[in-house]
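Chemist: Test case, fold it:
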Amino acid sequence: MDIEQLHNYAMSLGEVEESLPFGPDTIVYKINNKIFLLLALDENPLRFNVKCNPDLAIELREKYSSVLPGYHMNKKHWNTIVVDGLLSSNQLKEFIKHSFDLVKGKKK
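Modeler: Prediction:
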């Protein structure tokens, strides 16, 4: 997946807002005014951060070398996903959807 495909998928989830609060190199995607996805525009390979159930986060990090503790985030609840071809587009979408669902359930 490339940046455009990730962006299109995130926006397709509905009620999603995007912004650039940290500068021009990171797109932030929110639902209910809460972040569920951060997409780095200046990384090669492409990387993004997603929220994750803490137990699942550890499991995914142990299983996939492309799943790392969340960069600049709470390492317990966030993963950084490296888009290096080792994970399928469907897996990437599953990580984003999981994050979306976790955050959508919370109202600010």
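Chemist: Contacts made by the helix or strand containing residue 79 with the rest, please.
Modeler: If you go by DSSP states H and E, residue 79 is part of strand 78-82. With contact meaning Cβ atoms under 8 Å, 6 or more residues apart in numbering, strand 78-82 is reached by 45-52, 57, 60-61, 66-71, 73, 87, 92, 95. Backbone N, C-alpha and C define where each C-beta goes, glycine included.
Chemist: got any ranges where the chain has weak pLDDT?
Modeler: 106-108 (pLDDT under 70).
Chemist: Can you show me the helices along it?
Modeler: Per DSSP state H, the chain carries helices over the ranges 3-12, 54-63, 89-104.
Chemist: for those helices, which one sits closest to residue 27?
Modeler: helix 3-12 (7.0 Å; Cβ to Cβ).
Chemist: okay, the angle between that closest one and strand 78-82?
Modeler: Relative orientation of helix 3-12 versus strand 78-82 (axes from the mean of the first three to the mean of the last three Cα atoms, to 10 degrees): 140 degrees.
Chemist: got the contact list for helix 3-12?
Modeler: 1, 16, 18, 27, 29, 37, 39, 41, 46, 48, 83, 89, 92-93, 96, 100.
Chemist: Quick one: buried ones out of the contacts of strand 78-82?
Modeler: Using 16 or more other Cβ atoms under 10 Å as the burial test, the contacts of strand 78-82 include 46-52, 57, 60-61, 66-68, 70, 73, 87, 92, 95 as buried.
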